[in-house]
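Asker: predicted model and sequence follow; I will ask about them next.
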Amino acid sequence: MLRGKGLVAGYLGAPVLHEVSIEVRPGEVFCLLGANGAGKSTTAKCLAGVLGLRGGQVTIDDVDVTEASANERVRRGLSLVPEARHLFGRSTVRDNVLLGGWTRSRSERSASYDRVMETFPQLGRLLKRKARDLSGGEQQMVAIARALMADPRYLILDEPSLGLAPIYVDIILQKAAELAALGVGVLLIEQNVGKALSVGHHGAVVETGRVVLSGSVDELASDPAVVDSYLGSVV
Amino acid sequence: MSTFLQLTFAGLNVGFLYMLVALGMVVTYQVSRVESLAQGTYVVYSALIFGSVRDGLGWPLAALASLLACAGIAVFLYLLALNRLATRGETGPVIMLLGGALLFAELARQFWGLNDRSAKPWLSNEPLRIFGATVLPHSLLMWAGAAFLVIAGFVLFERTMLGKALRAAADDVEGARIVGINTKVMQFVSFQVAGFFGAAAGILLSPIMPFGWTWVFALALTGAIGAIAGRWEYVPVALASLAIGLFASYAGGYISTSWQDVYIYGAFIVVLLLLREDKRAGTRRRHRRGGSSGPRIENGRATASAAAGHNSAPVRVPEE
């Protein structure tokens, strides 16, 4: 289980998270919902080790990784697809994907590459193009493919549908559900609440750096506050 | 014809030297985003150490001593430039490396004196005749060695996973960290590769060219000219540096050696003006230093690397 317990963090001295706690189980999609600036991406960065904590604890399968660097957490089975994607723009798509397997042996990397390319056959025709030259949807697929190269047990998808055409949103959320079915624990941070809940199992709502609601997606979808604030007429 | 060839041979000697210095700077810059003005240190110390111990140890062990010394200098310069204090701000690491170069230049003056020194050749000192011009066997070795190093460096960066990771660490620090690349290790490697380039240049050139403490800054300056002229890209910088060496040799031979530096820097100013034209056209690339840089704003918010490095309140940042 990927667990963040009592996470406290912020930027430039300004606190953003106030003791946020979440748990992502293997084989489920956990939806982290909330408005812009609520602290969803900050939570993701703290879990992945990209942002330092001021308090709290992060564990991966009961191993405390609070003091572990981002690259160590990758080795322990946690991959992040950040909101800004952070692709290597000057490198080709193929190199971007291959670098996702940096922590693995050559043979493991080769096997992962074949598997990832089967998952995202759309990337086959883009392999020689520079990542910076791709569309947003294509870049998002590359970012997820890169993350999958590490063969993660837990995957954090931070706003994967942001700015994408609807067709890419459907593809990416479908892939998230398929990964969960294969046993990967997926933390899905998404503003498209209706679509996120449609593929999720559990979830939590974050407001101003605090978890205000958590439970199964059915419980969340039926909560009046969630319906009023995020779903509107969708459900 | 023979004069032209003779000048070409002389130009190749310094051109390959400038090339190795400039490429060392490019490697450091591309991975660590630091303009290393201490690159000449490696060449000078390698050449002086090689010359000092070559008689006692023989050239293979002397070469090893030079390589090890430069590896040690690279560790020192890495720690000097990329420590937590120096990396606060864009110019900090550059100033630290400039200070490091000053220190090493002064130490070289103390240890080896004011005069330039060369090493005893280990190949024949009889010049070879090629179309009426003469060239020393050591020059041929220098050209071959430098060409090999340049190609090996290119293969390392373009064809190996380590090279891809090195470039990735420079391209996007946060992206590198989230795929498990230890960016600090990559930066350390870049300093070592730069040190190796400089050490090799010193060993290869010391039998045919005297070096001394004054070369520390002269080489850094010429290397920087090549690096800037080639826009800090590997192949263009290699070609630009070689061209500078040849240009200096032709200018010195056909016009006047006393004005040689004026030609080089005059040409450099012209190149800078041309680059300025490109900048106005909006084609100049945007660069930033890695996780050690100042705050960066993307999508309207400070990125994690910025926050990690510049929070005013104490924060536990996981160390790489």
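Answerer: The structure has been received and is ready for your questions.
Asker: in chain A, where's the longest helix?
Answerer: The longest helix of chain A (DSSP state H) is helix A:166-181.
Asker: mind checking the pLDDT average for that helix?
Answerer: In this model, helix A:166-181 has a mean pLDDT of 86.
Asker: which parts of that helix are buried?
Answerer: Using 16 or more other Cβ atoms under 10 Å in any protein chain shown as the test for burial, helix A:166-181 gives A:Tyr168, A:Val169, A:Ile171, A:Ile172, A:Leu173, A:Lys175, A:Ala176, A:Leu179, A:Ala180. Every residue, glycine included, has its C-beta placed from N, CA and C.
Asker: residue contacts, the fourth one?
Answerer: If a contact means Cβ atoms under 8 Å, 6 or more residues apart in numbering or on different chains, then A:Ile172 has A:Gln140, A:Met141, A:Ile144, A:Leu157, A:Pro160, A:Ser161, A:Leu164 as its contacts.
Asker: next one: the helix or strand containing the fourth one to chain centre, how far?
Answerer: In this structure, A:Leu157 sits in strand A:154-158 according to DSSP states H and E. Taking the mean C-alpha point of strand A:154-158 and that of its whole chain, the gap between them comes to 2 Å (Cα atoms, centre = their mean, to the nearest Å).
Asker: now the angle from that strand to helix A:166-181?
Answerer: Put simply, strand A:154-158 runs at 160 degrees to helix A:166-181, going by axes from the mean of the first three to the mean of the last three Cα atoms, to 10 degrees.
Asker: spell out the secondary structure type for A:Leu188.
Answerer: At A:Leu188, secondary structure determined by DSSP: H, G, I helix; E, B strand; the rest coil is strand.
Asker: so how far is A:Glu83 from it?
Answerer: Using Cβ to Cβ, to the nearest Å, we find A:Leu188 at a distance of 12 Å from A:Glu83.
Asker: of the two, which one has the most company?
Answerer: A count of neighbours by other Cβ atoms under 10 Å in any protein chain shown puts A:Leu188 above the other of A:Leu188 and A:Glu83, at 28 against 20.
Asker: and the stretch 51-200 of chain B, which residues reach chain A?
Answerer: Contact residues (Cβ under 8 Å from any Cβ of the partner chain) of the stretch 51-200 of chain B with chain A: B:161, B:164-165, B:167-168, B:171-172, B:174-182.
Asker: show me the contacts for the closest residue in space to B:Gly113 that isn't next to it in sequence.
Answerer: With Cβ to Cβ, 6 or more residues apart in numbering or on different chains as the criterion, B:Gly113 has its nearest non-adjacent residue at 7.8 Å, and that residue is B:Gly212. For B:Gly212, the contact set (Cβ under 8 Å, 6+ apart) comprises B:Val44, B:Leu48, B:Ala108, B:Arg109, B:Trp112, B:Gly113, B:Leu114, B:Asn115, B:Asp116, B:Arg117.
Asker: and B:Gly212, its phi and psi?
Answerer: Main-chain dihedrals, B:Gly212, degrees, to the nearest 10: phi -150, psi -180.
Asker: and it, how far from B:Ser52?
Answerer: 13 Å.
Asker: show me where the stretch 101-250 of chain B has its helices.
Answerer: B:137-159, B:161-171, B:173-178, B:183-205, B:215-229, B:234-254 (DSSP state H, counting those that start in this stretch).
Asker: then chain A?
Answerer: A:40-48, A:70-75, A:93-99, A:106-119, A:136-148, A:166-181, A:193-199, A:217-222, A:224-226.
Asker: which one of those helices lies closest to B:Leu5?
Answerer: The closest of these to B:Leu5 is helix A:93-99. By Cβ to Cβ, the value is 42.3 Å.
Asker: and that closest one, how far out from the chain's middle?
Answerer: 19 Å.
Asker: how about it as CSV, C-alpha atoms only?
Answerer: In CSV, the C-alpha atoms belonging to helix A:93-99 read as follows (Å, rounded to 0.1, in the frame of the first residue of the first chain):
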residue,chain,number,x,y,z
VAL,A,93,10.2,9.8,-27.9
ARG,A,94,12.1,6.5,-27.9
ASP,A,95,14.8,7.9,-25.6
ASN,A,96,12.2,9.4,-23.3
VAL,A,97,10.5,6.1,-23.0
LEU,A,98,13.7,4.2,-22.6
LEU,A,99,14.9,6.5,-19.9
